[in-house]
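Enquirer: this one's structure only:
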Ligand SMILES: NC(=O)C1=CN([C@@H]2O[C@H](COP(=O)(O)OP(=O)(O)OC[C@H]3O[C@@H](n4cnc5c(N)ncnc54)[C@H](O)[C@@H]3O)[C@@H](O)[C@H]2O)C=CC1
Ligand SMILES: O=C([O-])CC(=O)C(=O)O
């Protein structure tokens, strides 16, 4: 058995938290040999509800759960954290785009970035889930100058999983037969779920579906799935978001299987002409806790225009948070 690692989770009393914490504590994120200490951050009025969640965590008697800290102070929550999942933020309501949350939520991520910079493990891996996730990750990153930029990532894994599921349903093939799926860009309705590289049982996906389904059904269904869930459930996705967060962190910590890739929102290094520094969804492989962008993919004109459109939106979000004084 390894020594325990510290996992900080913000917004721990919220809907995503209620699914996420139990899976982290069960070993689903870091594996069956890795004990965890949960360091849970909430706003002061939610600490009582958080205490109820802690009581339930205790009642699960998880063998891997080595300790729980609850606090309303980011300097306590992020102290020596090896992993940080930044979930705490306001969810959108029907009729809103995720970008509409920038002014409400952006302000949360500056002080949290500063606290991570001050007290977290120097090797902390940070995942931002709270929306708008890519730009919130940029804010946290820009306020943590002593850490490496690539330690800050945003979640596009829910979009990736939605895309796998839609393609699986259309082709009648299991999700496990699908490889090389990519979500490029922003976790928003401009994202580009790209089937041009994807294979199903080794066959090109685009030879199995027609172009009109791809462009007119698949892409909008994946890109607008969050809104469809809000419409149906009256609240934004939570269990599926928690599951995607587990997938993102597990693959980052433990690696991607040989021959496959996943999508992560990461700082652009200029690959594929994406402006450097934007937190943008890319296809990545992971080995030894380090992710790498998959290189050498052919980009069609169709892909290029979709990739540029979502980069443009991220550039505009960055300009907006600059004006709010949240990034340089
Ligand atoms: N990236 C993605 O794929 C997805 C992102 N989301 C986003 O995740 C966020 C959380 O969603 P839910 O759990 O459903 O919301 P929720 O409202 O149920 O929970 C959010 C929690 O965060 C807490 N919180 C607010 N400000 C905080 C702060 N400064 N520090 C610590 N905690 C704070 C609140 O008290 C609340 O308990 C939302 O922004 C939502 O839009 C949701 C689904 C998917
Ligand atoms: O759509 C929302 O507001 C919540 C979310 O990010 C998603 O479900 O993808």
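Expert: Structure received. Note that this is a predicted model, so its numbers are computed, not measured. Numbers count the residues shown, from 1 in each chain. Ligands and ions are numbered 1, 2, ... in the order given.

Enquirer: Quickly check: the helix or strand residue 66 falls within near ligand 1 or not.
Expert: Using DSSP states H and E, residue 66 sits in strand 65-71. No - contact of strand 65-71 with ligand 1 (C-beta under 6 Å from any ligand atom) is absent, the minimum separation being 9.6 Å. To be clear about C-beta, it is placed using only N, CA and C from the backbone, and glycine gets the same treatment.

Enquirer: Quick one: mean pLDDT for that strand?
Expert: Averaging pLDDT along strand 65-71 gives 98.

Enquirer: Report the buried residues of it.
Expert: 65-66, 68, 70-71 (16 or more other C-beta atoms under 10 Å).

Enquirer: What values do phi and psi take at residue 193?
Expert: Dihedral pair for residue 193: phi -80, psi 110, per degrees, to the nearest 10.

Enquirer: same deal with the one 4 residues further on?
Expert: For residue 197, the backbone dihedrals are phi -100, psi -10 (criterion: degrees, to the nearest 10).

Enquirer: I'd assumed residue 182 was in contact with it.
Expert: Yes - if you go by C-beta atoms under 8 Å, residue 197 and residue 182 touch, sitting 6.3 Å apart.

Enquirer: who's more crowded, the two?
Expert: The neighbour comparison of residue 197 against residue 182 (other C-beta atoms under 10 Å) goes to residue 182, with 26 against 19.

Enquirer: ok, then the element right after the strand holding residue 66?
Expert: Heading C-terminal from strand 65-71 (DSSP H and E), you reach helix 74-77.

Enquirer: Enumerate the positions of that following helix that are buried.
Expert: Buried residues in helix 74-77, counted by 16+ other C-beta under 10 Å: 74, 76-77.

Enquirer: Quick one: list the elements packing against the helix or strand following that helix.
Expert: Remark: after helix 74-77, the chain's next helix or strand is strand 83-86, criterion DSSP H and E. Applying 3 or more C-beta pairs under 8 Å, 6 or more residues apart in numbering; DSSP states H and E, one finds that strand 83-86 contacts strand 5-10, helix 102-119, strand 125-128, helix 133-142, helix 239-254.

Enquirer: mean pLDDT lowest for which of these?
Expert: helix 102-119 (a mean of 94).

Enquirer: contacts for it?
Expert: 10, 74-75, 77-81, 84, 86, 88-90, 124, 126, 128, 130-132, 135-137, 139-147, 317, 320-321, 324, 326 (C-beta atoms under 8 Å, 6 or more residues apart in numbering).

Enquirer: Report whether that helix contacts ligand 1.
Expert: Yes - for helix 102-119, a contact with ligand 1 is found by C-beta under 6 Å from any ligand atom, at residue 108.

Enquirer: Please spell out which residues along that helix are buried.
Expert: The neighbour-count check on helix 102-119 (16+ other C-beta under 10 Å) flags 102, 105-110, 112-117, 119 as buried.

Enquirer: Closest to ligand 1 out of those?
Expert: residue 108 (4.2 Å; C-beta to the nearest ligand atom).

Enquirer: Report the separation between the closest one and residue 9.
Expert: Taking C-beta to C-beta, to the nearest Å as the criterion, residue 108 is separated from residue 9 by 14 Å.

Enquirer: And the helices and strands packed on strand 83-86: which comes nearest residue 277?
Expert: Proximity to residue 277 (C-beta to C-beta) singles out helix 133-142 among those, at 7.8 Å.

Enquirer: following that closest one, which helix or strand shows up next?
Expert: strand 152-154.

Enquirer: and residue 49, what is it in contact with?
Expert: By C-beta under 8 Å, 6+ apart, the residues touching residue 49 are 13, 42.

Enquirer: That one: which element?
Expert: According to DSSP H and E, residue 49 maps onto helix 47-59.

Enquirer: How far off centre is that helix?
Expert: Here helix 47-59 is found 25 Å from its chain centre; the criterion is C-alpha atoms, centre = their mean, to the nearest Å.

Enquirer: Going forward, the N-terminal residue is numbered 493.
Expert: Understood, numbering begins at 493; the last thing we discussed is helix 539-551.

Enquirer: in that helix, what counts as buried?
Expert: So for helix 539-551, counting by 16+ other C-beta under 10 Å, buried means 539, 542, 545-546, 549.

Enquirer: rewinding a little: tell me, what's touching residue 689 and residue 674 both at once?
Expert: With contacts taken as C-beta under 8 Å, 6+ apart, residue 689 and residue 674 have residue 775 as neighbours in common.

Enquirer: what's the next secondary structure element after the longest strand along the chain?
Expert: Scanning the chain for the longest strand, with DSSP state E as the assignment, gives strand 771-779. Sequence order places strand 782-785 as the next helix or strand after strand 771-779, per DSSP H and E.

Enquirer: which residues touch residue 775?
Expert: Residue 775 is in contact with 672, 674, 689, 753-755, 785-786, 789, counting by C-beta under 8 Å, 6+ apart.

Enquirer: Please repeat the previous calculation with a cut-off of 6 Å.
Expert: Residue 775 makes contact with 674, 753, 786, according to C-beta atoms under 6 Å, 6 or more residues apart in numbering.
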